[in-house]
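Trainee: let me see the structure of the following:
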Amino acid sequence: MASTSLVIVGGGLMGLSAAWHVRRAGRHVDVVVLERGQVGAAASGASAAGVRVMGRDPAERALALASLARWPELARELEAETGYRRGGGLRVALDDEAWRQVPAWVAEQRGDGVPVEVVDAAAARRLAPGIAPSCLGGVLGAIDGQAEAMATVGAFATAARRLGARVAEGVGARALVVERDRVVAVARTDGGGQPCDVAIVAAGAWSAALLAPLGVRLPLETRALQMLLTEPAPPTLEPVVSAFERKLSLKQLADGAYLIGGGWPADIPDQPANRWTLRDDSVRASLEVARDVHPPTGRSALARGWAGLEAFTPDDLPVLGPVPGVEGLVVAAGFSGHGFALAPVVGDVLARLVRGDDARADLWRGLRVDRFAVTAAEAGR
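Mentor: Just a heads-up that it's a prediction; the model follows:
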């Protein structure tokens, strides 16, 4: 059987998951992953590592449900720990207006098969001891959970390498080489060229710049999202806690430290170099919300903070699939700060596209590249 050569641009979760899935299929595909920095040094490693389906857009619910079904066995499949645990997700209502939203919010998700349920104030306090006294109840997503970002990235990288994928760190993509409307190589930043039959662009915030010279214009906006980590406290919080109309994602890690996110912005002084700086106002506001929703968080001192550069689309949904007008070119980008949990099935979809197998389009038909992009074909390239 003739072999196929695949180059994956980007050594984050999506690229590494694709590499592992391709090699695991046992087909004759030579896989090279080009990572401009170190594996996990960009958005994937900086993620809050939430594994959820509750609260997602309808266009990605099927993809999220399929991915969440994979997480309980993922560490076994990868033969490496991801730090995953299914402690549920709890979104609380702290005032009458938020509580009135709950029935319709739950019914709309249940219509797509998302297993969420309304819980009263007493149940919310049993699930999350220490929740704010004003809590009127909330919504429980029992199949939601969390993992560890760097552990998961490392698990995918190790598993892909074990199966024969080559992961080149410190080597990025300078350009995509296209001849007769077909991708034939990736020009490397070290001056070399990497011939290929198929290329997957999974380069996060750097994806749009790589595609633009081909006439493929994706409307990706780069934002830096802040994460905060406290000193450890006695472990009491199992679910991931959020709140209606508040910017919060609160987890308690295995060592008792609180991990606080919610989409608070950091600054980006140098995007090409993947540099970010925390904003004092974001740090203060994030801590204040966390302490209002779950007062025990305020008893733990802040240990450190960081940010990850994320690519956002206008509709906050990822761009996935083949690029019309360029044969052999596939994109997975624009995950808009909530792609971590989707990695198992996104990698499987990408691998199926590479192999020419059934790509499970029913899971991602609303995420296709051409929904708002100007493609190479439309640009007359």
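Trainee: so for stretch 253-266, what gets flagged as buried?
Mentor: Buried residues in stretch 253-266, defined by neighbour count with 16 or more other Cβ atoms under 10 Å: 253, 257, 258, 259, 260, 261, 262, 263, 264, 266. (Each C-beta comes from the backbone N, C-alpha and C, glycine too.)
Trainee: which parts of this protein belong to which domain?
Mentor: Taking automatic domain parsing as the criterion, the chain consists of the domains 4-48+150-220+315-371, 89-142+222-312.
Trainee: ok, which of the ones you listed comes nearest residue 78?
Mentor: Taking Cβ to Cβ, domain 4-48+150-220+315-371 is the member of the domains of the chain nearest to residue 78, at 4.3 Å.
Trainee: run the chain-centre distance for that closest one.
Mentor: 13 Å (Cα atoms, centre = their mean, to the nearest Å).
Trainee: quick check: end-to-end length of that domain?
Mentor: For domain 4-48+150-220+315-371, the first-to-last residue distance is 29 Å (Cα to Cα, to the nearest Å).
Trainee: residues touching residue 39, list them.
Mentor: Going by Cβ atoms under 8 Å, 6 or more residues apart in numbering, residue 39 touches 11, 12, 16, 45, 153, 154, 157, 167, 169.
Trainee: let's see 10 Å
Mentor: Residue 39 is in contact with 10-13, 15-16, 33, 45, 150, 153-154, 156-158, 160-161, 167, 169, counting by Cβ atoms under 10 Å, 6 or more residues apart in numbering.
Trainee: would a markdown table of the buried residues of stretch 253-266 with distance to residue 115 and secondary structure be doable?
Mentor: Shown next, in a markdown table, are the buried residues of stretch 253-266 (distance: Cβ to Cβ, whole Å; DSSP: H, G, I helix; E, B strand; the rest coil):
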| residue | distance to residue 115 | secondary structure |
| --- | --- | --- |
| 253 | 25 | coil |
| 257 | 29 | coil |
| 258 | 26 | strand |
| 259 | 24 | strand |
| 260 | 26 | strand |
| 261 | 24 | strand |
| 262 | 24 | coil |
| 263 | 25 | coil |
| 264 | 29 | coil |
| 266 | 34 | strand |
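Trainee: re the thing from before, quick one: closest of the domains of the chain to residue 72.
Mentor: Per Cβ to Cβ, nearest to residue 72 of the domains of the chain: domain 4-48+150-220+315-371, 10.7 Å.
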